[in-house]
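K.L.:
Got a sequence here, can you model it:
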Amino acid sequence: MFKIEVYGDRGMRVQLGDSISKETNEQIRSLSALLEKENINGIIEWIPTYTSVTIYYDPAQISYETLEGRMNSLYGSLSQIDIPPAEVITIPVCYGGESGPDLQHVAEVNQLTEEEVIQIHTGSDYLIYMMGFSPGFPYLGGMSEKIATPRLASPRAKIPAGSVGIAGSQTGVYPSESPGGWQIIGRTPLDLYNPNSDRPILLQTGNYVRFKQVSEKEYEKIVQAISEGTYLVERNSYKEDEK
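P.N.:
Coordinates of the predicted model:
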């Protein structure tokens, strides 16, 4: 599927699929890579989503018609783009207790033990389809329906940074303190968003997340290592048959 639509007075939406899939995500990554490479004069920024790429441009520098022509041309080149190989970023998580106040509820809803929920949650590699909601927040695909749980009936006013949650069939990590209605099952000590860092956003569209259970003691050790600048985030090449 390929469709171009007007998006306001200085935006364009390039639709590349009508359902969430790995194949559509690869096309979105390819188009994003082409936009980066071409550096088209007049384009301000582009935002990848589940099924499309939204492009914002300056009409004083490039007309909608000209940009539409460039997008049609670039679409024909998508299959020739080699997108960077995917990485798997391991995110340590302390599950349950104060770190995961809703773990028991998720277990009860799905008629599982808390340990079974943890095993299922850590048993998949999750594709990062897009980033949004707040800086550094990853929209992940691939969570098992066995632990799917509805959002909270009443959202919390404050959820700590690093909280790992479930909402329906999705899982995600809050990069900063914010309100939210996800079921919180654990917490990571990693900074998914640090505006003072050379690399402010830890995760990137097209890569994968792997959750790893750690104890409270291990959690505190990681917090200490991060504060000392000695902690290295675990990154590995993604292999299709690993999980």
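
K.L.:
Distance check, the most centrally placed residue in the chain against E145.
P.N.:
Against the mean C-alpha coordinate of the chain, by CA atoms, centre = their mean, the closest residue is P138 at 2.2 Å. Between P138 and E145 the distance is 20 Å, computed by CB to CB, to the nearest Å. C-betas here are computed from N, CA, C, even on glycine.

K.L.:
okay, S21: pLDDT?
P.N.:
Each residue has a pLDDT score; the one for S21 is 89.

K.L.:
Please tell me how far it sits from S79.
P.N.:
In this structure, S21 and S79 are 16 Å apart, going by CB to CB.

K.L.:
do the same with S124
P.N.:
For S124, the distance to S79 (CB to CB) stands at 29 Å.

K.L.:
H105 now?
P.N.:
Summarising the geometry, the distance separating H105 from S79, computed by CB to CB, is 46 Å.

K.L.:
do the same with P59
P.N.:
Counting by CB to CB - P59 and S79 are separated by 30 Å.

K.L.:
Between the two, which is the more surrounded one?
P.N.:
Between P59 and S79, counted using other CB atoms under 10 Å, P59 has the larger neighbour count: 11 against 8.

K.L.:
mind listing what the nearest residue to the more buried one once chain neighbours are set aside touches?
P.N.:
Counting by CB to CB, 6 or more residues apart in numbering, P59 lies nearest to R10, which is 5.6 Å off, once chain neighbours are set aside. For R10, the set of contacting residues under the criterion of CB atoms under 8 Å, 6 or more residues apart in numbering consists of I44, Y56, Y57, D58, P59.

K.L.:
Check M131 too.
P.N.:
Residues touching M131, when contacts are defined by CB under 8 Å, 6+ apart, comprise P48, F137, P138, Y139, I201, L203, Q204, T205.

K.L.:
Tell me the secondary structure of Q27, please.
P.N.:
Applying DSSP: H, G, I helix; E, B strand; the rest coil to Q27 yields a three-state assignment of helix.

K.L.:
circling back to that earlier point, show the pLDDT at the residue nearest to the centre of the chain.
P.N.:
If you check P138, the pLDDT there is 93.

K.L.:
which element is the residue lying farthest from the centre of the chain on?
P.N.:
Using CA atoms, centre = their mean, the residue of the chain lying farthest from its centre is A60. It sits 33.3 Å away. Assigned by DSSP states H and E, A60 belongs to no helix or strand.

K.L.:
In the sheet, which strands lie alongside the longest strand seen in the chain, parallel or antiparallel?
P.N.:
Across the chain, the longest stretch assigned as strand under DSSP state E is strand 87-95. Strands flanking strand 87-95 in the sheet, each with its direction: strand 183-187 (antiparallel), strand 208-213 (parallel), strand 235-237 (antiparallel) (DSSP bridges).

K.L.:
deepest of those strands, which one?
P.N.:
When the strands paired with strand 87-95 are scored by mean count of other CB atoms under 10 Å, the highest mean neighbour count falls to strand 183-187 (a mean of 26).

K.L.:
what mean pLDDT does that one have?
P.N.:
The model assigns strand 183-187 a mean pLDDT of 98.

K.L.:
Same question for stretch 226-236.
P.N.:
Averaged across stretch 226-236, the pLDDT comes to 94.

K.L.:
Can you say which helix or strand has the residue lying closest to G141 once chain neighbours are set aside in it?
P.N.:
Leaving aside its chain neighbours, G141 sits nearest to L127 (4.8 Å; criterion: CB to CB, 6+ apart). Secondary structure here is read from DSSP H and E; on that basis L127 sits in strand 125-131.

K.L.:
just how off-centre is the helix or strand following that strand within its chain?
P.N.:
Stepping forward along the backbone from strand 125-131, the first helix or strand reached (DSSP H and E) is strand 138-141. Taking CA atoms, centre = their mean, to the nearest Å, one finds the center of strand 138-141 at 4 Å from the center of the full chain.
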